[in-house]
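>>> 3D model of this:
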Amino acid sequence: MNVHPTTIFAPISTPAQSIAGLSRFVLSIAAIIFIVVFTLLAYAIVRFRQRQPDKDREPPQVYGSTEIEIAWTVIPALIVLVLFLAAARVIVFIQNASPPHNAIEITVIGHQFWWEFRYPGFNVVTANELHVPVSDPAHPMPTFLTLLSADTDHSFWVPRLAGKTDLIPNHPNRMWIEPQEPGIFLGQCAQYCGTQHAKMLLRVYVEPSIAFERWIRDQRQTAVATDAVSEGRVTFETGPCLACHKVKGIAGNGQYGPNLTHLMSRDTIASGAAVNTTENLRRWISDPNLIKPGAKMPALGLSAHQIDVVTAYLETLR
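Next up is the predicted model:
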């Protein structure tokens, strides 16, 4: 799938289209005001550019013009009213939308500095890469997101899909998207949340329904490791990894770090900071600060051999 850059000027989701339409309307009003004011100012400069013959005498003054006072009061008030009503209409449309029976429900949890995505209806948990189905305009299938925070303030923002919405501790928020084109859409935490805020990236994979159902089916499976990587699995199970991470089928229920059950099905690691390759995975295990300075994951002090076998084991988690 094509990777689409972040831009607010090419919306492909219903909420983003509403916001973009409002933005164009507001910019049009502002442009008209600018043109009118600039034209009057230019006219005044050209028309009255010559100095008065008598430098000590002021030009004729206008006092108490009821017509002018009414004009400069009523016209701005009407402009503000129109802009207020237009903005209120879009806000009500987006915030008061009710999920239809076929809507996809996803819980988004912001962590320092990564994203956790839970699909309650499918018993799937993943990280940093959100998968949703394309919504056919003839048969809409929106995705509704419940936004939670595990630590501090974050903000979920994928410009081509919707406006940004904050994740506040102990205060659940809601938002929704309805993408109408397949592709990979880039997003970002838009609220400063600490040292690695700039690298708290996210990707939204918008897929045809068949591909989305296949991804859900694969994610529900238990990862199976072969005997060839049994040493790596033992090292993973007996080391500190399970204190923070979870792999389905292995004893341990770490919640502090991403669920690694299907790690190799993801294109990136470290919340989008690096491509998911063998070399980057090895560097990440060896010392996360090499890829993401200030990351919460510590360097575990594993030997070169332990890093090799753990990397080999993790590469089986597809």
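>>> Counting neighbours, which bits of the strand or helix carrying Glu69 end up buried?
According to DSSP states H and E, Glu69 maps onto helix 66-95. For helix 66-95, burial by neighbour count (16 or more other Cβ atoms under 10 Å) applies to 90, 94. Every C-beta, even on glycine, is put in place using the N, C-alpha and C of the backbone.
>>> same check, this time on stretch 102-118
Judged by neighbour count using 16+ other Cβ under 10 Å, the buried positions of stretch 102-118 are 103-104, 106, 108-118.
>>> Ala162 versus Tyr192, what's the distance?
20 Å (Cβ to Cβ, to the nearest Å).
>>> Who has more neighbours out of those two?
When neighbours are counted by other Cβ atoms under 10 Å, Tyr192 and Ala162 differ, and Ala162 comes out ahead with 27 against 13.
>>> Got the domain ranges for the chain?
9-95, 227-314 (automatic domain parsing).
>>> immediately after the helix holding Glu69, which helix or strand?
Where DSSP H and E defines the elements, the next helix or strand beyond helix 66-95 is strand 104-111.
>>> Neighbouring strands of that following strand in the sheet, and parallel or not?
strand 114-119 (antiparallel), strand 143-149 (parallel) (DSSP bridges).
>>> of all these, which lies closest to Ile75?
Ranking those by distance to Ile75, with Cβ to Cβ as the measure, places strand 143-149 first at 40.3 Å.
>>> State the distance from Asn276 to Arg283.
Asn276 is 12 Å from Arg283, by Cβ to Cβ.
>>> Please apply the same query to Gln95.
Distance from Gln95 to Arg283, counting by Cβ to Cβ: 43 Å.
>>> Over to His101?
For His101 relative to Arg283 (Cβ to Cβ), the value is 46 Å.
>>> low-confidence ranges in the stretch 1-150 of the chain?
For the stretch 1-150 of the chain, the stretches flagged by pLDDT under 70 are 51-55, 59.
>>> doesn't Val108 make contact with Thr146?
Yes. Under the criterion of Cβ atoms under 8 Å, Thr146 makes contact with Val108 at 6.8 Å.
>>> tell me the secondary structure for Met264?
helix (DSSP: H, G, I helix; E, B strand; the rest coil).
>>> Please renumber the chain so that the first residue is 49 from this point on.
Sounds good: first residue 49 from here, last item Met312.
>>> Pull the contacting residues for the nearest residue to it once chain neighbours are set aside.
Nearest residue to Met312 in three dimensions, chain neighbours excluded: Arg366, at 4.5 Å (Cβ to Cβ, 6 or more residues apart in numbering). With contacts defined as Cβ atoms under 8 Å, 6 or more residues apart in numbering, the neighbours of Arg366 are 271, 310-313.
>>> Let me know the closest of those to Pro181.
For the contacts of Arg366, the residue nearest Pro181 by Cβ to Cβ is Ser313; the value is 16.9 Å.
>>> wait, isn't that closest one in contact with Ile264?
No. At 11.7 Å, Ser313 does not count as touching Ile264 under the criterion of Cβ under 8 Å.
>>> Pull the number of nearby residues for Arg281.
Count around Arg281 with other Cβ under 10 Å applied: 20.
>>> let me fix that: Gly305
Gly305 has 18 neighbours, counted by other Cβ under 10 Å.
>>> Tell me if I'm right that it and Cys292 touch.
Yes. Counting by Cβ under 8 Å, Cys292 is a contact partner of Gly305 at 3.7 Å.
>>> Give the residues shared as contacts by the two.
Shared contacts of Gly305 and Cys292, defined by Cβ under 8 Å, 6+ apart, are found at Met345.
>>> Quick one: low-confidence residue ranges for the stretch 249-366 of the chain.
271-276.
>>> Can you show me the helices along it?
257-267, 278-286, 326-334, 352-362 (DSSP state H, counting those that start in this stretch).
>>> the inter-axis angle of the first one versus strand 152-159?
I take that to be helix 257-267. Helix 257-267 runs at 50 degrees relative to strand 152-159, counting by axes from the mean of the first three to the mean of the last three Cα atoms, to 10 degrees.
>>> Same question for the second one.
Angle, helix 278-286 to strand 152-159, by the same axes, to 10 degrees: 70 degrees.
>>> Can I get helix 278-286 in PDB? Just the C-alpha atoms.
Taking Å, rounded to 0.1, in the frame of the first residue of the first chain, the C-alpha atoms of helix 278-286 are listed here in PDB:
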ATOM      1  CA  SER A 278      14.000 -22.600  21.500                       C
ATOM      2  CA  GLU A 279      17.100 -21.100  23.200                       C
ATOM      3  CA  GLY A 280      15.900 -17.600  22.300                       C
ATOM      4  CA  ARG A 281      12.500 -18.300  23.700                       C
ATOM      5  CA  VAL A 282      14.000 -19.600  27.000                       C
ATOM      6  CA  THR A 283      16.100 -16.500  27.200                       C
ATOM      7  CA  PHE A 284      13.100 -14.300  26.600                       C
ATOM      8  CA  GLU A 285      10.900 -16.200  29.100                       C
ATOM      9  CA  THR A 286      13.500 -16.300  31.900                       C
END
